[in-house]
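In: here you go, sequence then predicted model.
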Amino acid sequence: MSQDAPLRIDAKELFSPQVEEYLDVQSALQRGVEEIEPQSLFVRVVFSSWFYLAICAGVGGFCRWAILEPFFDDNDLQQGGNASNTIAALLMFPTVAAFVGLFLGAAEGIMCRNPRRAVISGAVGFGVGFGGGLVALIPTGMVFSVMSAVAVSFWRNPAPGQMPNGLALLIFMMGRAAAWAIVSIPAGLGQGIALREKKVAFNGLLGGVLGGLLGGLLFDPISLVFVTADGQAAASRAIGLSIVGVMVGLFVGLVEGWTKTAWLLMRKGPLAGKQFVLFKDRTVLGIAHSRRNRNHRSALRALARLPTVPTSTASRSRNRCCELAIRS
């Protein structure tokens with residue numbers, strides 16, 4: 001057909017379902033949008049990643065304490081300890097990293113109402129946390145042993161079973177903080193590994209180090225306050241492990257907020273107030289893999305004002321439906 005030839009459209013083509021569908025989409029796009037009320041402070045806080053990650057990671061630390069605490073006896077441990085005491089003490093770091101990683105990984109999926117993501121990320125977070133925690137026992141033990149020896153050298157009147165004081169206590173706290181910073185790295189890495197996102201993994205690594213450092217720094221002062229007269233530190237460990245988890249989750253969320261360059265904010269619906277951070281330069285919205293998703297593709301094409309792609313072409317080029325390019 002030459003370019004000068006007239007274009008003829010018969011009634012069947014004019015009133016075809018495809019044309020009606022396209023007109024419905026255009027009408028929906030041109031409708032008036034009501035003004036959206038600003039969200040309350042409560043909603044903004046609850047949907048902030050630093051808040052729900054801190055809560056979930058804190059719950060993870062507490063769950064670890066609740067599961068393994070029955071195997072601890074501080075007085076028996078000071079006298080050499082039995083097998084269960086020794087194993088529970090050796091597994092402290094790996095199990096804390098595992099449970100914090102479990103709840104950190106599942107948190108985002110729970111908040112997004114995505115059960116599959118919650119299960120997968122939580123399971124990967126648990127595995128990475130436990131495995132990484134076992135590997136981290138070596139550098140953690142070396143750092144803590146060296147710092148403990150330095151602390152003892154500054155302790156004027158050392159007494160068995162007692163906490164150091166003065167400068168020795170400060171050095172001991174620094175050693176504990178460094179140990180928790182190392183072991184918190186695998187706790188923060190799980191979600192990034194599950195999602196295969198380098199940026200998420202980096203945020204988890206940095207947030208884990210900062211949170212573990214601050215949480216570990218508070219561990220010994222908490223112990224000084226909450227250890228009972230008979231030497232039992234169950235309450236101290238419960239609070240200390242929960243605080244470590246809270247700090248790790250808090251800083252993972254804060255680092256994500258500090259480093260984000262592009263994000264989508266839900267303004268309406270059940271997830272109103274939730275931010276979705278975009279970690280890639282190009283992000284695909286929608287689904288387009290089969291003929292039954294044709295309606296979704298045409299609606300999203302109209303939304304993005306992209307040219308209509310024939311079904312055969314769309315099935316060959318995956319996810320051509322709607323691409324939102326983000327440039328930082």
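Out: The structure has been received and is ready for your questions.
In: please look at residue 193 and residue 201 and confirm they touch.
Out: Yes: if you go by C-beta atoms under 8 Å, residue 193 and residue 201 touch, sitting 6.2 Å apart. Yep, even glycine has a C-beta here, placed from its N, CA and C like the rest.
In: and stretch 5-21, C-alpha only, in PDB?
Out: Written as PDB, here are the backbone C-alpha positions of stretch 5-21 (Å, rounded to 0.1, in the frame of the first residue of the first chain):
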ATOM      1  CA  ALA A   5      -3.600   5.500  -0.400                       C
ATOM      2  CA  PRO A   6      -6.500   6.200   2.000                       C
ATOM      3  CA  LEU A   7      -6.800   4.200   5.200                       C
ATOM      4  CA  ARG A   8     -10.100   2.300   5.300                       C
ATOM      5  CA  ILE A   9     -11.500   1.000   8.600                       C
ATOM      6  CA  ASP A  10     -14.800  -0.900   8.600                       C
ATOM      7  CA  ALA A  11     -17.300  -1.100  11.400                       C
ATOM      8  CA  LYS A  12     -16.100  -4.400  12.600                       C
ATOM      9  CA  GLU A  13     -12.600  -3.100  13.100                       C
ATOM     10  CA  LEU A  14     -13.800   0.200  14.600                       C
ATOM     11  CA  PHE A  15     -15.800  -1.500  17.300                       C
ATOM     12  CA  SER A  16     -13.500  -4.400  17.900                       C
ATOM     13  CA  PRO A  17     -12.700  -5.400  21.500                       C
ATOM     14  CA  GLN A  18      -9.100  -4.200  21.200                       C
ATOM     15  CA  VAL A  19     -10.300  -0.700  20.300                       C
ATOM     16  CA  GLU A  20     -12.900  -0.700  23.100                       C
ATOM     17  CA  GLU A  21     -10.300  -1.800  25.500                       C
END
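In: that stretch: how far from the chain's middle?
Out: What separates the centre of stretch 5-21 from the centre of its chain is 51 Å, taken as C-alpha atoms, centre = their mean, to the nearest Å.
In: next: stretch 189-206.
Out: Remark: stretch 189-206 is offset 8 Å from the chain centroid, using C-alpha atoms, centre = their mean.
In: what residues sit buried inside that stretch?
Out: 189-195, 197, 199-206 (16 or more other C-beta atoms under 10 Å).
In: what is the most widely separated pair among those residues?
Out: Spatially, the most separated pair among these is 194 and 206, at 17.6 Å (C-beta to C-beta).
In: for residue 237, which non-adjacent residue is closest in space?
Out: Distances taken as C-beta to C-beta, 6 or more residues apart in numbering place residue 65 nearest to residue 237, at 5.7 Å, with adjacent residues excluded.
In: quick one: residues contacting the residue nearest to the spatial centre of the chain.
Out: For the chain, residue 104 is the residue whose C-alpha lies nearest the centre (C-alpha atoms, centre = their mean; 4.5 Å). Applying C-beta atoms under 8 Å, 6 or more residues apart in numbering to residue 104 gives the contacts 53, 56-57, 60, 125, 187-188, 190-191, 204, 248-249, 252.
In: tell me the one of those nearest residue 6?
Out: Closest to residue 6, out of all of the contacts of residue 104 and judged by C-beta to C-beta, is residue 191, at 59.3 Å.
In: could you confirm that closest one falls within a strand?
Out: No: the assignment for residue 191 (DSSP: H, G, I helix; E, B strand; the rest coil) gives helix, which keeps it out of a strand.
In: wait, it sits on residue 204?
Out: Yes: Residue 191 is in contact with residue 204 according to C-beta under 8 Å; the separation is 6.0 Å.
In: of all the buried residues of stretch 189-206, which comes closest to residue 221?
Out: Ranked by distance to residue 221 (C-beta to C-beta), the buried residues of stretch 189-206 are led by residue 206 at 24.5 Å.
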